[in-house]
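>>> sequence first, then the predicted structure, then my questions.
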Amino acid sequence: MRNYAFEHGPDNNFRKRIRCFLSEYKKRLSTCVLCLFAALLVYTGLHAETPQNARGGVKTDSCEYISLYCDVSFWNPSAWSTEPGTITGDITQKTGVAVDVTVPQRDADRKLSLMLLNDELPDVISVTDQTVIRQLVTSGKVWKLDEFLETCCPDSHLLKEFPQDVKKELVRRDGAWYAYPSHLDSADARSIWKPSSAYYKDYVNYHYNNAIIWNKKLLKRLGIAEDELHTKEQALLAFKKAAKSGLLVSGKPVIPLLLDGSAYQETSLEFFLQTFGAQPLDEDGNYRDILFSPEAEEALRFLQEAMAQGYCPSSVFTVSNEKIKQYITGGRVLCFAGNISNTSFAGNEWISSGALLSSRGASPVLGKNMHANSGWISTFISKSCKSPQKTARWLDYMTSDEGRRLWHYGYEGRHYAYDSQGLIVRTEEQMRLEDRYTKTGIGTWWMFENTAWMRSVIRAPEKGSQDELEDRAAAAYGRDAQTVIYDNAPFDFKELAWMESGLEAKERALNEWKKEMILDVILAKDSGEFRQRYQLLLDGMKQRGQKETDSIKNRYFKENCRRLGIRAERINGGTGQK
């Protein structure tokens with residue numbers, strides 16, 4: 001991932017001006033030269049955090065560069081090419097727009113907040129952080145999306161076919177329709193873009209990116225059968241066997257367990273919490289932070305034991321997503337737990353064991369939002385956008401059927417073909433591409449992903465194909481006979497940003513503290529130190545107001561349950577519907 005690198009330097013005209021200046025005044029006092037040099041350093045410093053093409057807002061030939069800022073640190077698009085015959089080049093030909101992308105690896109939301117404060121917003125802002133979303137909406141510096149399109153692109157398809165249930169949730173969250181949400185998928189979306197087969201109807205019910213997968217080759221070399229990986233004890237035994245085996249891959253020892261790098265708390269820990277049955281509800285059906293549940297202690301204890309035994313490298317907690325992909329494709333990881341959709345794993349080389357059962361006898365749970373939601377990445381257009389008409393046309397094209405077919409699937413005849421029903425069938429070439437979005441531009445623009453659309457235009461994968469095997473791994477946990485699936489829509493608290501002043505800032509500080517404490521708990525050297533640190537975590541949460549925050553959330557949780565017609569009931573200790 002590039003991190004604001006000043007890669008391209010000043011533009012050519014600026015260089016020429018410098019040369020002319022030096023030629024004309026080369027005999028003047030050296031202090032003038034020093035001043036010029038200092039000015040150049042200032043120029044470089046101001047551009048030390050440039051986008052990947054380093055040409056934002058500058059008209060070049062027939063296209064105009066617009067700036068796009070994204071806070072998803074592991075999104076890694078290649079620099080935008082304007083060459084015809086490339087994905088981005090052909091988008092430029094269609095829209096007259098090229099895009100300079102900025103993706104900070106650290107402090108993305110703080111940096112964007114400063115840009116907002118200093119009236120230096122990028123043209124397009126794609127963010128996931130709820131505090132930043134609130135800041136953008138309340139600032140008055142971003143467009144309401146319908147007003148923007150009506151003004152700058154009145155014939156846009158987005159004004160005619162946007163799912164109304166999703167729009168309703170966006171309005172609930174933001175007070176109006178300000179953002180385009182990623183990964184559109186809802187009842188209304190599926191009525192606009194109907195699933196192409198029963199396969200994708202079924203996919204909606206069980207797919208879950210956070211999963212546990214096992215390297216089939218290493219399992220075979222270690223003599224571990226796939227049906228010996230369904231309990232916590234069996235997993236720890238497999239890790240132990242791998243650690244003591246002395247097995248080497250390319251001259252390096254096998255890694256028994258790999259967690260999901262710096263994102264492990266949102267993915268790896270999330271999986272273990274769910275598979276061990278943790279829910280953010282107490283026995284009376286009231287909301288409480290999930291870390292207070294007894295099942296959460298077991299999930300943290302499992303990770304602590306794995307770390308203490310050396311099954312997982314301790315350096316993993318600062319590892320980038322790119323490094324995780326290298327580990328996975330390198331062949332020496334026995335087990336990975338986390339977001340498998342972002343690992344480049346090959347479906348024929350890995351298998352998911354589904355749920356990992358706890359020692360407590362609790363049912364694994366899977367919370368899925370069965371109602372419309374406001375998506376993952378929210379994309380805003382700033383009112384200071386340098387070319388609103390072209391930006392609107394670009395947004396319209398990127399979210400259109402034609403645009404998506406280009407950037408999501410590539411070129412007909414090379415990357416995909418059509419079957420007899422007019423459905424897309426991806427070629428072997430595209431399916432072989434490793435990290436194809438960073439190398440080809442195919443599938444790059446996550447902020448414009450439309451899941452319902454994708455499942456309406458593509459043919460279901462052939463049984464046993466790479467795609468089918470990868471989908472099977474992602475659905476294994478949801479399909480597991482032990483897993484109880486529940487509707488987690490009532491746990492969507494986005495509207496609290498509008499209704500509870502100060503809650504977000506309080507939660508942000510508390511969550512940062514919890515993140516550090518959770519790592520301390522996991523890195524405890526033995527069970528005694530684990531219990532001590534875990535109790536410090538719980539006591540510290542209480543001292544920092546977690547119970548008061550939970551009480552506020554519980555009121556909204558109960559209101560959401562009434563609004564959505566959902567019964568507030570804990571699965572382990574209550575009942576659940578499969």
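Done, it's in.

>>> please identify the buried residues of the host helix or strand of residue 113?
Following DSSP states H and E, one finds residue 113 within helix 108-117. Going by neighbour count (16 or more other C-beta atoms under 10 Å), the buried part of helix 108-117 is 108, 109, 111, 112, 113, 115, 116. Any C-beta I mention is one placed from the backbone N, CA and C, and that applies to glycine too.

>>> which residues does that helix contact?
Here helix 108-117 makes contact (C-beta atoms under 8 Å, 6 or more residues apart in numbering) with 49, 69-71, 73, 104, 121-122, 125, 127, 129, 131-132, 135-136, 139, 141.

>>> take these and keep only those in helices.
131, 132, 135, 136, 139 (DSSP state H).

>>> so where is the stretch 351-500 of the chain shaky, pLDDT-wise?
Low-confidence segments of the stretch 351-500 of the chain (pLDDT under 70): 429-438, 497-498.

>>> quick one: which of the ones in helices among the contacts of helix 108-117 is nearest to residue 325?
Nearest to residue 325 among the ones in helices among the contacts of helix 108-117: residue 132, at 27.0 Å, using C-beta to C-beta.

>>> so what's that closest one up against?
Residues near residue 132 by C-beta under 8 Å, 6+ apart: 71, 109, 112, 113.

>>> ranges for the helices of the stretch 351-500 of the chain?
In the stretch 351-500 of the chain, the helices defined using DSSP state H, counting those that start in this stretch lie at 388-398, 401-409, 428-432, 436-439, 451-457, 466-479, 496-499.

>>> can you check the stretch 51-200 of the chain too?
Under DSSP H, counting those that start in this stretch, the stretch 51-200 of the chain gives helices at 87-95, 108-117, 130-139, 145-152, 158-161, 164-174, 187-192, 198-206.

>>> counting contacts, what elements does the shortest one pack onto?
Right, the one you point to is helix 158-161. With contacts defined as 3 or more C-beta pairs under 8 Å, 6 or more residues apart in numbering; DSSP states H and E, helix 158-161 has these neighbours: helix 145-152.

>>> identify each buried residue in the helix it packs on, please.
Under the neighbour-count criterion of 16+ other C-beta under 10 Å, helix 145-152 has 145, 146, 148, 149, 152 buried.

>>> surely the last one touches residue 394?
No. Counting by C-beta atoms under 8 Å, residue 152 sits too far from residue 394 to count as a contact (10.5 Å).

>>> tell me how many other residues crowd the residue lying closest to residue 328 once chain neighbours are set aside.
Once flanking residues are discounted, residue 328 sits nearest to residue 343: 4.6 Å by C-beta to C-beta, 6 or more residues apart in numbering. Using other C-beta atoms under 10 Å, residue 343 has 21 other residues around it.

>>> could you dump the ones in helices among the contacts of helix 108-117 to TSV with pLDDT and distance to residue 398?
Converted to TSV, the ones in helices among the contacts of helix 108-117 look like this (pLDDT from 0 to 100; distance: C-beta to C-beta, whole Å):
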residue	pLDDT	distance to residue 398
131	84	26
132	91	22
135	92	25
136	96	20
139	96	24
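
>>> for these, pick the one with the most neighbours.
residue 136 leads the ones in helices among the contacts of helix 108-117 on contacts (other C-beta under 10 Å) with 24 neighbours.

>>> coming back round to it: the helix holding residue 113 - what's its average pLDDT?
Taken as a whole, helix 108-117 has an average pLDDT of 93.

>>> now do it against helix 130-139, angle only.
Interaxial angle, helix 108-117 versus helix 130-139 (axes from the mean of the first three to the mean of the last three C-alpha atoms, to 10 degrees): 10 degrees.

>>> pull helix 108-117 out as CSV, backbone CA atoms only.
Provided in CSV are the C-alpha atoms of helix 108-117 (Å, rounded to 0.1, in the frame of the first residue of the first chain):
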residue,chain,number,x,y,z
ALA,A,108,-6.9,8.3,7.6
ASP,A,109,-9.9,9.6,9.5
ARG,A,110,-8.0,12.2,11.5
LYS,A,111,-6.4,13.5,8.3
LEU,A,112,-9.7,13.8,6.6
SER,A,113,-11.1,15.6,9.6
LEU,A,114,-8.3,18.1,9.3
MET,A,115,-9.0,18.5,5.5
LEU,A,116,-12.6,19.2,6.4
LEU,A,117,-11.6,21.8,9.0
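
>>> could you pull out the helices in the stretch 201-350 of the chain for me?
Secondary structure of the stretch 201-350 of the chain (DSSP H, counting those that start in this stretch): helices at 216-222, 232-244, 268-275, 294-308, 321-330.

>>> sorry, back to before: so which of the helices of the stretch 351-500 of the chain is nearest residue 242?
helix 466-479 (19.8 Å).

>>> and the closest one, what's buried?
466, 469, 470, 471, 472, 473, 474, 475, 476, 477, 478, 479.

>>> the spatially closest residue to residue 261 that is not a sequence neighbour - how many residues pack around it?
Spatial nearest neighbour of residue 261, chain neighbours left out: residue 319 (3.9 Å); criterion: C-beta to C-beta, 6+ apart. Using other C-beta under 10 Å, residue 319 has 19 other residues around it.

>>> residue 319 against residue 264, yeah?
No. Counting by C-beta under 8 Å, residue 319 stays clear of residue 264, with 9.1 Å between them.

>>> one step back: chain center to the helix holding residue 113: distance?
Between the centre of helix 108-117 and the centre of its chain there are 20 Å (C-alpha atoms, centre = their mean, to the nearest Å).

>>> same check on stretch 97-106?
16 Å.

>>> buried residues, that stretch. List them.
97, 98, 99, 100, 101, 102, 103, 104.

>>> among those, which ones are in strands?
Secondary structure from DSSP state E places 97, 98, 99, 100, 101, 102 of those in strands.

>>> identify, from those residues, the entry nearest to residue 377.
Nearest to residue 377 among those, counting by C-beta to C-beta, is residue 101 at 13.3 Å.

>>> now do residue 382 against residue 494, distance only.
In this view, residue 382 and residue 494 are 21 Å apart by C-beta to C-beta, to the nearest Å.

>>> higher neighbour count, those two?
residue 382 (24 against 16).

>>> looking at the sheet around that one, what are its partners?
residue 142 (DSSP bridges).

>>> what's the answer for residue 214, then?
Beta-bridge partners, per DSSP bridges, of residue 214: residue 335, residue 351.

>>> does it touch residue 228 like I think?
No. Counting by C-beta under 8 Å, residue 228 is not a contact partner of residue 214; they are 10.3 Å apart.

>>> what sits in contact with each of the two?
With C-beta under 8 Å, 6+ apart, residue 214 and residue 228 have common neighbours residue 238.

>>> now do the contacts for residue 307.
314, 522, 523.

>>> among the helices of the stretch 201-350 of the chain, which comes closest to residue 389?
The closest of those to residue 389 is helix 321-330. By C-beta to C-beta, the value is 35.6 Å.

>>> now for residue 144, how many residues are close by?
Residues lying near residue 144 (other C-beta under 10 Å) number 18.

>>> I'd assumed residue 178 was in contact with it.
Yes. Assessed by C-beta under 8 Å, residue 144 is found in contact with residue 178 at 5.6 Å.

>>> on that earlier part again, neighbour count winner among residue 214 and residue 228?
Using other C-beta under 10 Å as the criterion, residue 214 and residue 228 rank with residue 214 on top: 21 against 14.

>>> next one: the more buried one from residue 336, what distance?
When residue 214 is compared with residue 336 (using C-beta to C-beta), they lie 8 Å apart.

>>> mutual contacts of those two, please.
residue 350.

>>> tell me which residues form a beta bridge with residue 69?
Counting by DSSP bridges, residue 69 forms beta bridges with residue 102, residue 125.

>>> mind listing what it touches?
Residue 69 makes contacts with 101, 102, 103, 108, 112, 115, 122, 124, 125, 126, 127, as judged by C-beta under 8 Å, 6+ apart.

>>> let's go with 6 Å and repeat that
102, 122, 125 (C-beta atoms under 6 Å, 6 or more residues apart in numbering).

>>> could you dump those to a markdown table with pLDDT?
Converted to a markdown table, the contacts of residue 69 look like this (pLDDT from 0 to 100):
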| residue | pLDDT |
| --- | --- |
| 102 | 96 |
| 122 | 97 |
| 125 | 98 |
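
>>> good, wrapping up.
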